[in-house]
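**Q** For reference, the sequence and a predicted model appear below.
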Amino acid sequence: MNDEDWLKRLGPERYHILRRKGTERPFTGALNDHWEPGTYVCAGCGNELFDAGTKFDAGCGWPSFYQALRPEAVREIEDRSHFMVRTEVVCARCGGHLGHVFDDGPRPTGLRYCMNSLALEHKPDRSGTEFEQD
């Protein structure tokens, strides 16, 4: 997909984050204080990234998770921008920028995947909510 197609698909705010490595302001994202069960997926391609059970309140203003749903769901890339060394996290399927991972998270991994809300979508857990028909 070219840049014009991505912009049409995502809209300007999501495009800025996912395709231009932008960052939303802390405490402004809709998913920062979202705690429903389910799965967080890439807003660009729908790739399943994080289970809601691994989300925790890091107090940083962005949704934070202590592990990816599967190791192959995300890729980690050294980021030397802004005069520091960090580890960027991108969607393994579409390459969209999600955020960064830090080593100051809780047990069991000690990691904090600090993600942009606009880079994610939440898919609710539907197990147990459908009724059988007689």
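**A** Perfect, I can see it now.

**Q** F50: neighbour count?
**A** Using other CB atoms under 10 Å, F50 is surrounded by 26 other residues. In short, each C-beta sits where N, CA and C put it, glycine included.

**Q** Test my guess that it contacts C42.
**A** No. With contact defined as CB atoms under 8 Å, F50 does not reach C42; the gap is 10.1 Å.

**Q** quick one: low-confidence ranges for this structure?
**A** 127-134 (pLDDT under 70).

**Q** Swap in 50 and give it another go.
**A** Along the chain, segments meeting pLDDT under 50 span 130-134.

**Q** ranges for the helices of it?
**A** Using DSSP state H, the helices of the chain run over 3-10, 12-18.

**Q** Could you list the buried residues of the shortest one?
**A** Using 16 or more other CB atoms under 10 Å as the burial criterion, the residues of helix 12-18 that qualify are 14-18.

**Q** Quick check: nearest residue in space to F27, chain neighbours excluded?
**A** Computed as CB to CB, 6 or more residues apart in numbering, the closest residue to F27 that is not its neighbour in sequence is G61, at 4.1 Å.

**Q** how far away is that neighbour from D103?
**A** Separation of G61 from D103 (CB to CB, to the nearest Å) stands at 19 Å.

**Q** and if you look at L10?
**A** 30 Å.

**Q** And those two? Which one has more around it.
**A** L10 (19 against 9).

**Q** The more buried one contacts R20, correct?
**A** No. Between L10 and R20 there is no contact under CB under 8 Å: 10.5 Å.

**Q** This completes my enquiry, with thanks.
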